[in-house]
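1. Pasting the sequence and the predicted coordinates here, then a few questions.
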Amino acid sequence: MSQSQPSEVILNLGPSDLMELAVPLWIFDVDKAQVVWANEAARYLWQAETLNELYQRNMRADMSSSIEGRLSQYKEVLEDADKTFRELWTLYPNGQPATYQISIRRYRLEDQRIGLLCQASAEQDHVPEQMRSAEALNHIPISITLFTREGSLLYANTEANRVYGWGQSPLSDLFTNDDVFADALADAGVHGHATHCCQLPTLDGFRWREISIRACRDSVSGVPAFILSDIDITDQKTQQQKITYLAHHDILTGLHSRNYVNHYFPKLLSKAKISGDRLAMLLIDLDNFKTINDTLGHLSGDGLLIHVARQIKTVMRGRGHIARLGGDEFTILMPFEDTAELDLFCKEILRTISSEVKLNDHVLSTYASIGISLFPEHGTELPSLMQHADLALYEAKDEGRKTFRYYRPALQQAALLKRTLEKDLTRAIKEREFRLYYQPRVDCISQKVLSVEALMRWYHPNQGVISPAVFIETLEETGMIHQVGDWIISQAGYDQKVLTDNGYDIPISINVSAEQFAHANFVTRLKDNLRKTGCDSSRIEIEITESMLMGHGYDAKAVLLELRKAGFSIAVDDFGTGYSNLAYIQSYPISSLKVDRSFIQMIEDQSSVVNMILSLCRLIGVTAVAEGVETIDQLAWLQLNHCNEYQGYLYSKPRPLHQLLHLLNNPPNWATGGMLVGSDEQDLAWA
Ligand code: C2E
Ligand code: CA
Ligand code: CA
């Protein structure tokens, strides 16, 4: 669009002169798309029989939508400024194309709206400008093509020929072969323009092109046409595809990612709702991955994950979809006919995963647990299916790992109870609802109380006294055990002082969890908490379980040495239930071994195991303690077989501190006489 000085020609002439003037002049009401005044030359230009006929004519029919849009733009600009615009236009008087140089100025209509005063001059006067625009069209790096509405190519600029070659343009194929393109054309027919992206064969191979389509008329024949301009967007597309790939894939294994699951699985579920297919959602979790990662390093861990991903894919044989959710957790969504088929599938996965593999000079083997939820029985949406498969996975892990479990509604119930328990425990810590009970550890022969074990109780406001068996695991899982552990050691410290003050300077044993033991500043924390009570660490024994001795991710022996150095003595609890190498025991700085209650219960049948443990204790100079002694016969056996100490309901159940003091002041009658003679009197008092 070029701009020049106001046309003086028009302004200085009277109305009849204007009518006679050979220059075509007309006034156009843009809003109504009507010519409201025209001179004879203009009537001739528009090929109207009479001026009246021209004034009645709906000019929109003779205009392309782009011209109509441009006229509105002129009107808007001319509202504020008195300018003249000049432009080369093809007009279609009665559908026949004719090219003119048009000058446009504003003209105030009778009702004060802005109209356009148009003056036309023959195009030949402006050949240089036409030449320039033709030149520009040939230099522009955009493919420009003109097609009839049926798809025959009318014109292609240099770029279009460069891109598509001199033969038939692939764009014409789109007119007949591409439904989406047909929609875009229809759109352009209605709205004047539309865009479409697709891959097209070019001289450089298949490329992504963005095509913008405009409805127009061919300026030569006047037939309705489409003008297409299209550009290469392959680079942007590849970039975008790369981003989408990264967002939807796990880089390490090349499997789909959690993002993909969240985005795509709901669509699969919607499809299944319509098709009626049954689907299974599997959560697969590697059981010993953390240990491998911690001990052999991330490189081996990564290698193992890649290996496992490949193996699962092999077993899937193209059925369903697999993704890595993160860490060592994978998920599969797959169609199935019956659960027998799923059982077989899970068994095959578990078997394949557990086969040995050589990675970075290590022969590794891992094993997994699988939780399964079924669509639609266990849920029809992704979150519920995930949550249910997760509950099933936890059950599989609880039941010894290397196995699979289906979701059952009872699992939901259990999970609910657990959540309530977690909430309750948080309150219990805040409201100081925990207490320490004490159970005496007694010399087998003299029946003298040599020490006591601190056992936690929860004074629940509604449920009464609760055993730690119910809640310790939850404290451990939630990490609350650390806070509670701080309280236990200080409470035990204060209570030990009370015992001493009452004339019983006996040590207290406290139990610690693996989570505490593995914590970096475990010993420092114990010392700090104990110091403020005034109790000496030599009066505290730490009970750890056998499995903690073989702990992963920390050096158990170093922690034990640190404990000893800090003055604590150490007992190994529940001995015999773990798998520790008996020969190793002597290399740890421990002072007592507590034989697990299960062996004492079956002492008649399992005497050889207990005998072996007692011999071991004698050999390495460690105190042997029998746990859970309930009957006089059991105690008699222990006395005969030289067990040092015992603990159990026979002497006393765990009891609060003041009741312990009462017991210490008033030992049971039978216990004061030394070697047992068959009395069956038992402690009755405290539960
Ligand atoms: P444990 O350390 O093996 O404690 C012995 C358990 O056996 C206690 O159960 C005790 O009440 C019970 N017991 C003692 N004598 C007999 C008997 O003659 N017959 C029977 N049937 N049972 C007997 P409790 O107090 O319910 O504690 C259970 C477990 O909870 C403990 O096993 C210990 O592992 C853990 N625990 C208790 N208190 C604490 C604590 O303060 N911290 C930590 N981390 N764990 C604790
Ligand atoms: Ca214990
Ligand atoms: Ca025990």
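-> Noted; the coordinates are in hand. Ligands and ions are numbered 1, 2, ... in the order given.

2. Look at L385 and say how many residues are nearby.
-> 26 (other Cβ atoms under 10 Å). In short, each C-beta sits where N, CA and C put it, glycine included.

3. Straight-line length of stretch 49-61, end to end?
-> End-to-end distance of stretch 49-61 (Cα to Cα, to the nearest Å): 17 Å.

4. And stretch 367-387, by the same measure?
-> Note: stretch 367-387 ends 22 Å apart using Cα to Cα.

5. ok now it, how far from the chain's centre?
-> Put simply, stretch 367-387 sits 16 Å off its chain's centre (Cα atoms, centre = their mean, to the nearest Å).

6. Could I get the buried residue list for that stretch?
-> When burial is assessed from 16 or more other Cβ atoms under 10 Å, stretch 367-387 yields the following buried residues: 367-375, 378-379, 382, 384-387.

7. Likewise for stretch 500-512?
-> I506, P507, I508, S509, I510, N511, V512.

8. Among these, which one lies nearest to ligand 1?
-> N511 (3.6 Å; Cβ to the nearest ligand atom).

9. follow-up on the earlier one: using CSV, lay out the buried residues of stretch 500-512 together with pLDDT and distance to ligand 1.
-> Compiled in CSV, those are given as follows (pLDDT from 0 to 100; distance: Cβ to the nearest ligand atom, whole Å):
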residue, pLDDT, distance to ligand 1
I506, 98, 17
P507, 98, 15
I508, 98, 11
S509, 98, 9
I510, 98, 6
N511, 98, 4
V512, 97, 5
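
10. For this structure, list the residues in contact with ligand 3, please.
-> D573, D574, E627 (Cβ under 5 Å from the ion).

11. By pLDDT, give me the weakest of these.
-> Checking pLDDT across the residues of the chain next to ligand 3, the minimum falls on D574 at 91.

12. Tell me the secondary structure of it, please.
-> At D574 the chain is in strand, as set by DSSP: H, G, I helix; E, B strand; the rest coil.

13. shouldn't it be in contact with L549?
-> No - applying Cβ atoms under 8 Å, one finds D574 not in contact with L549, separated by 11.5 Å.

14. Next, T84: phi, psi?
-> Backbone torsions for T84, taken as degrees, to the nearest 10, come to phi -120, psi 130.

15. Any idea what it is bridged to?
-> Note on T84: beta-bridge partners by DSSP bridges are S4.

16. Between the buried residues of stretch 367-387, which sits nearest ligand 3?
-> S369 (27.6 Å; Cβ to the ion).

17. Could you tell me what pLDDT the model assigned to the closest one?
-> Confidence for S369, expressed as pLDDT, is 96.

18. Could you name the helices and strands sitting against whatever helix or strand it lives in?
-> Using DSSP states H and E, S369 falls within strand 368-375. Counting contacts by 3 or more Cβ pairs under 8 Å, 6 or more residues apart in numbering; DSSP states H and E, strand 368-375 packs against strand 279-286, helix 339-354, helix 382-398, strand 404-406.

19. I'd say G479 and Q516 touch.
-> No - G479 is beyond contact range of Q516, at 10.2 Å (criterion: Cβ under 8 Å).

20. These two: which has the busier surroundings?
-> Q516 (22 against 10).

21. which residues touch whichever residue of the stretch 401-550 of the chain sits closest to ligand 3?
-> Ranked by Cβ to the ion, the top residue of the stretch 401-550 of the chain for proximity to ligand 3 is E543, at 7.3 Å. Shown in contact with E543 (Cβ atoms under 8 Å, 6 or more residues apart in numbering): E453, S509, I510, N511, V512, I570, A571, V572, D573, K594.

22. ok now do the residue nearest to the spatial centre of the chain, which residues does it touch?
-> Closest to where the C-alpha atoms of the chain average out (Cα atoms, centre = their mean) is R258, at 4.8 Å. Applying Cβ under 8 Å, 6+ apart, we find R258 in contact with A323, R324, L325, G326.

23. hmm, back to that, so what pairs up with the residue of the stretch 401-550 of the chain closest to ligand 3 in the strands?
-> Bridge pairing for E543 - DSSP bridges - gives N511, A571.

24. Number the residues from 24 up from this point.
-> Let's use 24 as the start, then, which means that last one is E566.

25. how far out from the middle of the chain is the helix or strand hosting V186?
-> Here V186 is covered by helix 181-187, with elements defined by DSSP H and E. When distances are taken as Cα atoms, centre = their mean, helix 181-187 is centred 46 Å away from the chain's centroid.

26. Alpha carbons of that helix, as PDB, please.
-> Below are the C-alpha coordinates for helix 181-187, written out as PDB (Å, rounded to 0.1, in the frame of the first residue of the first chain):
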ATOM      1  CA  THR A 181      10.000 -19.600  -7.900                       C
ATOM      2  CA  GLU A 182      10.200 -20.900  -4.300                       C
ATOM      3  CA  ALA A 183       7.200 -23.300  -4.900                       C
ATOM      4  CA  ASN A 184       9.000 -24.700  -8.000                       C
ATOM      5  CA  ARG A 185      12.200 -25.000  -6.100                       C
ATOM      6  CA  VAL A 186      10.600 -26.900  -3.300                       C
ATOM      7  CA  TYR A 187       8.200 -29.100  -5.200                       C
END
